[in-house]
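Trainee: Predicted coordinates and the sequence they were generated for:
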Amino acid sequence: MDNLFSLHADRDTADFWHDVCLVSTAVLDVIQRDPGPACTQFLPDVWKKLTLLKANPAALVQRMLACTARLTAMELTGEDSKAPSDQLVAWLLETRRCCDHERQQRGLAKLDYPDDCLAARSNEMLMEGLTAAWLALYFLGLPFVHPWERVRRLSDDSGGFPSGACVTKFIGDLYRRSRLEMAEHGMSAAEREQAQVLVLSYAPSLLLPDLLERDERNLSPQSAHVLGRCYAMFQLRLYASSGYPFTYFVSEQALLRHWQHAHGGYPPDLDKVLGRMAQWLATSLPAPARHQSVLLFKPALPLGMPTCVLSSQVGIYVLDTTQHPLPFAGNHIRKSLLLSYREKLTDLKNNHASSGHLGERSCVELLGLDEPHFRDVVRGHLSDPYHRRL
């Protein structure tokens, strides 16, 4: 890889996002079809899907490498004797033009930002572009660390990660790091339980597969976000299939808000929605181990916490940007806050089996249930009688 940065991109930015879109389509198809392939099994399926889409995977690899080199060199050294910042702004404006054109054909997110705003958000676009290149190369069988290293350095300068592919890539890395640490350190069952991964999700793609493709209207194209979500889902499945403990918390309020993604209208056909949820959860985690949980909790609980993923040593939070877009909505959780968040979620987990009727419990277990039992448990737990009658 020493000669990577001598490569030159011979295609424009639209081709880059087109390639990312092709890879995201192939990866999403494999993720939804296979409950949890091993790394060695994953790559051939992606390449096969790309071939069916009339794409040449080997050529995609070369183009992604070239584009990564172009983005990195543009930011670090500049081109044609221009300053790096001038080149970056030029790339940024070209990206907006290309993505506006691509949006009409491929459903990519529209970039409704004035030129001066785009220039001010140049780091955000660069970070998303480099992350998209890393993700595409990873799923094409070539994990290449340099683009992500640059993103990590930029996140320190910018005060966080953009709320797109960068955040989900970081979350996937957190799952991967936790899995490797538990394997390498030879932890006892009790130590693993203490260090388990805790997830608080307000967009539970572990229950609703359609959320992998949701469009949050961010600055960078949706296809990059799809790749990031697929990477996080893939790493969570690898972690779970290794038998390591985790708890995945889902707010009832978030579940109700996202039912439209599974049904496409309101009111939803609740039996159909719950049936799909049960099937997808069983597909995602077909053989749950002890100390693995997916808990649905009441919306009124005063957690006061954003979406977050927590290991024993590292954590990330993600602020909701659907109503008020923020350029850098994801960030590391400092140690003191990490301990506080873990304590709150651990207390919630420990109370989930409290006595009382199903509808009175603070939260209920969803993992390991057959479809009829899953529907009964979710219906019985809903706070609003209207939703229980749907």
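Mentor: Here it is on my side, so go on.

Trainee: who's in contact with the most centrally placed residue in the chain?
Mentor: Nearest to the geometric centre of the chain sits residue 229, at 2.8 Å (Cα atoms, centre = their mean). Residues near residue 229 by Cβ atoms under 8 Å, 6 or more residues apart in numbering: 168, 205, 211, 212. Every C-beta, even on glycine, is put in place using the N, C-alpha and C of the backbone.

Trainee: Which pair of the residues you listed spans the longest distance?
Mentor: Using Cβ to Cβ, the contacts of residue 229 span at most 11.6 Å, a distance reached by 168 and 211.

Trainee: chain center to stretch 269-280: distance?
Mentor: 22 Å (Cα atoms, centre = their mean, to the nearest Å).

Trainee: Any buried residues in it, and which?
Mentor: By 16 or more other Cβ atoms under 10 Å, the buried positions in stretch 269-280 come out as 270, 273, 274, 275, 276, 277, 278, 280.

Trainee: Stretch 59-69 too?
Mentor: Those would be 60, 61, 63, 64, 65, 66, 67, 68, 69, for stretch 59-69 by 16+ other Cβ under 10 Å.

Trainee: What's the separation between the fourth one and residue 26?
Mentor: Relative to residue 26, residue 64 is positioned 13 Å away (Cβ to Cβ, to the nearest Å).

Trainee: gap between stretch 21-28 and the chain center?
Mentor: 14 Å.

Trainee: who's in contact with that stretch?
Mentor: For stretch 21-28, the external contacting residues (Cβ under 8 Å, 6+ apart) are 46, 49-50, 53, 55, 60, 102, 106, 108, 135-136, 139-140, 212-213, 221, 223-224, 226-227, 230.

Trainee: Outline the domain layout of this protein.
Mentor: 1-158, 161-390 (automatic domain parsing).

Trainee: mean pLDDT for the ones you listed: which is lowest?
Mentor: Among the domains of the chain, domain 1-158 carries the lowest mean pLDDT, at a mean of 70.

Trainee: And the helices in the stretch 151-300 of the chain?
Mentor: All helices of the stretch 151-300 of the chain, identified by DSSP state H, counting those that start in this stretch, fall at 165-185, 189-194, 222-241, 252-263, 270-284.

Trainee: just these: most buried one?
Mentor: helix 222-241 (a mean of 25; mean count of other Cβ atoms under 10 Å).

Trainee: Using CSV, write out every CA atom in that helix.
Mentor: Provided in CSV are the C-alpha atoms of helix 222-241 (Å, rounded to 0.1, in the frame of the first residue of the first chain):
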residue,chain,number,x,y,z
GLN,A,222,-27.8,8.2,2.2
SER,A,223,-25.8,5.4,0.7
ALA,A,224,-22.8,6.2,2.9
HIS,A,225,-25.1,6.0,6.0
VAL,A,226,-26.5,2.6,4.9
LEU,A,227,-23.0,1.2,4.7
GLY,A,228,-22.2,2.5,8.2
ARG,A,229,-25.4,1.0,9.6
CYS,A,230,-24.6,-2.3,7.9
TYR,A,231,-21.1,-2.3,9.4
ALA,A,232,-22.4,-1.6,12.9
MET,A,233,-25.1,-4.3,12.5
PHE,A,234,-22.5,-6.8,11.2
GLN,A,235,-20.2,-6.2,14.1
LEU,A,236,-23.0,-6.5,16.6
ARG,A,237,-23.9,-9.9,15.2
LEU,A,238,-20.3,-11.0,15.3
TYR,A,239,-20.2,-10.0,19.0
ALA,A,240,-23.4,-11.7,19.8
SER,A,241,-22.5,-14.9,17.9
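
Trainee: That one: how far from the chain's middle?
Mentor: Relative to the chain's own centre, helix 222-241 is displaced by 6 Å; criterion: Cα atoms, centre = their mean.

Trainee: between it and helix 165-185, how big is the angle?
Mentor: Going by axes from the mean of the first three to the mean of the last three Cα atoms, to 10 degrees, helix 222-241 is angled at 20 degrees with respect to helix 165-185.

Trainee: quick revisit: can you flag the buried ones in the contacts of stretch 21-28?
Mentor: 46, 49-50, 55, 60, 102, 106, 108, 135-136, 139-140, 212-213, 221, 223-224, 226-227, 230.

Trainee: picking up where we left off before, could you export the helices of the stretch 151-300 of the chain to a markdown table, including columns for distance to residue 309?
Mentor: Output for the helices of the stretch 151-300 of the chain, formatted as a markdown table (distance: least, Cβ to Cβ, whole Å):
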| stretch | distance to residue 309 |
| --- | --- |
| helix 165-185 | 5 |
| helix 189-194 | 17 |
| helix 222-241 | 8 |
| helix 252-263 | 15 |
| helix 270-284 | 16 |
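
Trainee: Looking at the ones you listed, spot the one closest to residue 201.
Mentor: Closest to residue 201 of these, according to Cβ to Cβ: helix 252-263, at 7.2 Å.

Trainee: Just give me the neighbour total for residue 54.
Mentor: 7 (other Cβ atoms under 10 Å).

Trainee: meant to ask about residue 153, not that
Mentor: The number of residues packed near residue 153 is 11, by other Cβ under 10 Å.
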